[in-house]
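Peer 1: Okay, here's the prediction I keep looking at, along with the sequence it came from:
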Amino acid sequence: MGAGGVPSTPDTLGIRVTEAGDGHVDAIASFFWEAWRSSGPDAPGWAGASEEVIAELTTSEAIRERIGGPERRMFLAWEGNRVVAFAATRSEDAEAVELVGIIVLQDMMGHGIETPLLESAARWAVEAGFRRMSVKTEATNDRALGFYRSRGFIDSRMLVEDVEGTAMELSELIRTL
């Protein structure tokens, strides 16, 4: 079992998904730095992420705030002792949870890692009593939009949000749990 009672989920590539815990802080920090460096700051999903922003997000305190608790959950995909992908949720209200994002290392894309991460987050959300999951992604991120739509999310609305000082046009999608 992973943290919070979420089972560790093996997959055919030797990838396992667990819920993040306090003992994973250093692995999460290393993952974020590797993911950001390999993708580049202009890659979809990294809008507004400068080296300073990544440094702030990867402090032990910042990671511990996002790991768990009633409002947030974090899920990790592991290949051996290395985190190769990440998903996080944040409670919106008593019935809805937001999938804050899924990040996969560049060299692991295309291996189907996103699906077990998404399903681990959805399984946790159902067990926690949530009825809906939303996700926002850049309106131009066709890969992410296709992924979410193929997994039961439907288009909800377009919006513009400030992301680290940059106005971003986002698509919001919703899935009934």
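Peer 2: Good, I have the coordinates. The model shown is predicted, which means the values in this text are computed figures rather than measured ones.

Peer 1: Pull the residues that contact stretch 64-73.
Peer 2: Counting by Cβ atoms under 8 Å, 6 or more residues apart in numbering, stretch 64-73 makes contact with 3-4, 19-22, 24-25, 28, 74, 88-91, 121, 124, all of which sit outside it. (Glycine included, C-beta is placed from N, CA and C.)

Peer 1: Who is the closest residue to residue 99 other than its chain neighbours paired with across the strands?
Peer 2: When the adjacent residues along the chain are set aside, residue 99 lies closest to residue 135, with 4.2 Å between them (Cβ to Cβ, 6 or more residues apart in numbering). Going by DSSP bridges, residue 135 is paired in beta bridges with residue 99, residue 173.

Peer 1: OK, contacts around residue 135?
Peer 2: Under the criterion of Cβ under 8 Å, 6+ apart, the contact partners of residue 135 comprise 98-99, 101, 148, 153, 172-173, 175.

Peer 1: What's the PyMOL syntax to select whichever of the contacts of stretch 64-73 are buried?
Peer 2: Filtering the contacts of stretch 64-73 down to the buried ones (16 or more other Cβ atoms under 10 Å) takes a single PyMOL command:
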select buried, resi 3+4+19+20+24+25+28+74+88+89+91+121+124
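
Peer 1: Fine by me, thanks again.
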